[in-house]
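K.L.:
have a look at this fold, sequence not included:
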């Protein structure tokens, strides 16, 4: 056994029976299992965090259906490489020996430019290839609409503790190197905590523990051992950029916590690590609404302008624009009232279902609708003093409900004061 091959690669499953997690997709009634069983694979995009089996699942599908498997990385491939691969797929699909349509797997498809994605459309539409894309970013933002309309999106979840238990057991029993060692697992808490639901990260940690323990000594896994080894060599469990999630979390929390120094530090870490600038800009737009919101509505304008400016200016100067926005948001007053209001309203929708719209709020474009009472009794706010009139706008079952509650800041205090004045006449 080649000790240089990472444990994650040595243990990569080759069939669905060995695949761990994602039971909602590959379990007995899972949509992907049904596709494999039928032998008819449609184009789709796998969206989920690192280390949850996106690449592995694509390879299993190709192997099970006996389809030719072609791969492209969005990081290293351009339009030219895409077209070359499509021509090879076209030749394969015409072969009399082909048992299934070739599969083209694109890792990190969210990094493909619009022109690169456009170059895939014809091949997908004509059935020359079955496209399987993998992304850690929301496809709604990163994949062009025509390609999305030709593909299903399946969400993969972080592995649960039960899945990590299974993976750990399999590694200790099935891996030729670990199974030959004297291994005792005394504690698993730190092992699973540092893994964060990521199979690759768990196996990388095991790899580190095994390699850093002399062959003539027993390998004893405790919370203390895991923590110490990872502190000595933090890169060991971050070989494929999984720290991305930890650092963006620290960045968000620093802005939310009004610490511009920490926020800029974590921004610098992302810039130095080659993080996608647009990913950072998107997080700033979300932060502006979720954590600053109505306390400073200009924050959203600033964040959106930052996103637009990145497209115009590019890199590396774009880092200055990101820094300006980061410092501004960190120094802004904070409010999550908008975030909490939509959460409360969504909860009400889930509990009450599709409540009917009150008749007076409905439009009445036809005589029949007028006869049924649509629009009857509606009061046009601009006809009244202060452009306000008391009127029920919620469904009857929710009349009087409050979803928005202001946070303690001058901007929202002023809004609430105005509303109370209008409501109390």
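P.N.:
Perfect, thanks for sending it. Just so it is clear, the model here is predicted, and its values are computed rather than measured.
K.L.:
would you map the strands across the stretch 101-250 of the chain?
P.N.:
103-107, 130-135, 152-155, 183-185, 219-221 (DSSP state E, counting those that start in this stretch).
K.L.:
CSV please, covering these and showing distance to residue 311.
P.N.:
The way it works is simple: take the backbone N, C-alpha and C, and place the C-beta from them, glycine included. Shown next, in CSV, are the strands of the stretch 101-250 of the chain (distance: least, CB to CB, whole Å):
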stretch, distance to residue 311
strand 103-107, 23
strand 130-135, 20
strand 152-155, 25
strand 183-185, 50
strand 219-221, 48
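K.L.:
for residue 28, find the nearest of those strands.
P.N.:
With CB to CB as the measure, strand 152-155 is the member of the strands of the stretch 101-250 of the chain nearest residue 28 (16.5 Å).
K.L.:
circling back to that earlier point, switch the strands of the stretch 101-250 of the chain over to TSV; also include mean neighbour count and mean pLDDT.
P.N.:
Rendered in TSV, the data for the strands of the stretch 101-250 of the chain read as follows (neighbours: other CB atoms under 10 Å; pLDDT from 0 to 100):
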stretch	mean neighbour count	mean pLDDT
strand 103-107	24	88
strand 130-135	25	89
strand 152-155	16	90
strand 183-185	14	90
strand 219-221	19	91
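K.L.:
report pLDDT for the residue lying farthest from the centre of the chain.
P.N.:
Relative to the mean C-alpha coordinate of the chain, counting by CA atoms, centre = their mean, the farthest residue is residue 371 (48.8 Å). Residue 371 is assigned 79 on the pLDDT scale.
K.L.:
picking that back up, of all the strands of the stretch 101-250 of the chain, which one is nearest residue 285?
P.N.:
Proximity to residue 285, assessed across those by CB to CB, is greatest for strand 130-135 (18.9 Å).
K.L.:
tell me what angle that closest one forms with strand 103-107.
P.N.:
If you take axes from the mean of the first three to the mean of the last three CA atoms, to 10 degrees, strand 130-135 sits at 10 degrees to strand 103-107.
K.L.:
what does strand 130-135 contact?
P.N.:
41-47, 54-55, 58, 61, 67, 101-110, 120, 123-124, 139, 142-143, 147, 150-151 (CB atoms under 8 Å, 6 or more residues apart in numbering).
K.L.:
likewise stretch 304-321?
P.N.:
The contact list for stretch 304-321 (CB under 8 Å, 6+ apart) reads 267, 271, 277-278, 281-282, 284-285, 288, 322, 324-325.
K.L.:
out of the contacts of strand 130-135, which are buried?
P.N.:
Buried members of those, counted by 16 or more other CB atoms under 10 Å: 41, 43-47, 54-55, 58, 61, 67, 101-110, 120, 123-124, 139, 142-143, 147, 151.
K.L.:
which of the residues you listed fall within helices?
P.N.:
Members of the buried ones among the contacts of strand 130-135 lying in helices (criterion: DSSP state H): 54-55, 58, 61, 120, 123-124, 139, 142, 147.
K.L.:
residue 360: which of those is nearest?
P.N.:
The closest of these to residue 360 turns out to be residue 139 (CB to CB; 40.5 Å).
K.L.:
residues contacting the closest one?
P.N.:
By CB under 8 Å, 6+ apart, the residues touching residue 139 are 45, 47, 109-110, 133, 148, 153.
K.L.:
format those residues as JSON lines; extra columns: distance to residue 209.
P.N.:
Converted to JSON lines, the contacts of residue 139 look like this (distance: CB to CB, whole Å):
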{"residue": "45", "distance to residue 209": "35"}
{"residue": "47", "distance to residue 209": "31"}
{"residue": "109", "distance to residue 209": "34"}
{"residue": "110", "distance to residue 209": "33"}
{"residue": "133", "distance to residue 209": "34"}
{"residue": "148", "distance to residue 209": "42"}
{"residue": "153", "distance to residue 209": "36"}
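K.L.:
which residues of the chain score low on pLDDT?
P.N.:
For the chain, the stretches flagged by pLDDT under 70 are 1-3, 74-75, 93-99, 232-245.
K.L.:
quick one: the closest residue to residue 388 other than its chain neighbours from residue 303, how far?
P.N.:
Nearest non-adjacent residue to residue 388, counting by CB to CB, 6 or more residues apart in numbering: residue 422, 4.6 Å away. The gap separating residue 422 from residue 303 is 31 Å, by CB to CB, to the nearest Å.
K.L.:
between the two, tell me which one has more neighbours.
P.N.:
Set side by side, residue 422 and residue 303 show more neighbours around residue 303, with 24 against 14, by other CB atoms under 10 Å.
K.L.:
any idea which element that one lies in?
P.N.:
helix 298-313 (DSSP states H and E).
K.L.:
from residue 32, how far off is residue 127?
P.N.:
Distance from residue 127 to residue 32, by CB to CB: 19 Å.
K.L.:
ditto for residue 290
P.N.:
33 Å.
K.L.:
and for residue 131?
P.N.:
Distance from residue 131 to residue 32, by CB to CB: 14 Å.
K.L.:
repeat for residue 116
P.N.:
Here residue 116 is placed at a distance of 25 Å from residue 32 (CB to CB).
K.L.:
and if you look at residue 159?
P.N.:
Distance from residue 159 to residue 32, by CB to CB: 17 Å.
K.L.:
looking at these two, which has the bigger crowd around it?
P.N.:
A direct count of neighbours by other CB under 10 Å for residue 159 and residue 32 places residue 159 higher, at 26 against 21.
K.L.:
from memory the more buried one sits against residue 21, does it?
P.N.:
Yes - Residue 159 lies in contact with residue 21 (CB atoms under 8 Å); the separation is 4.7 Å.
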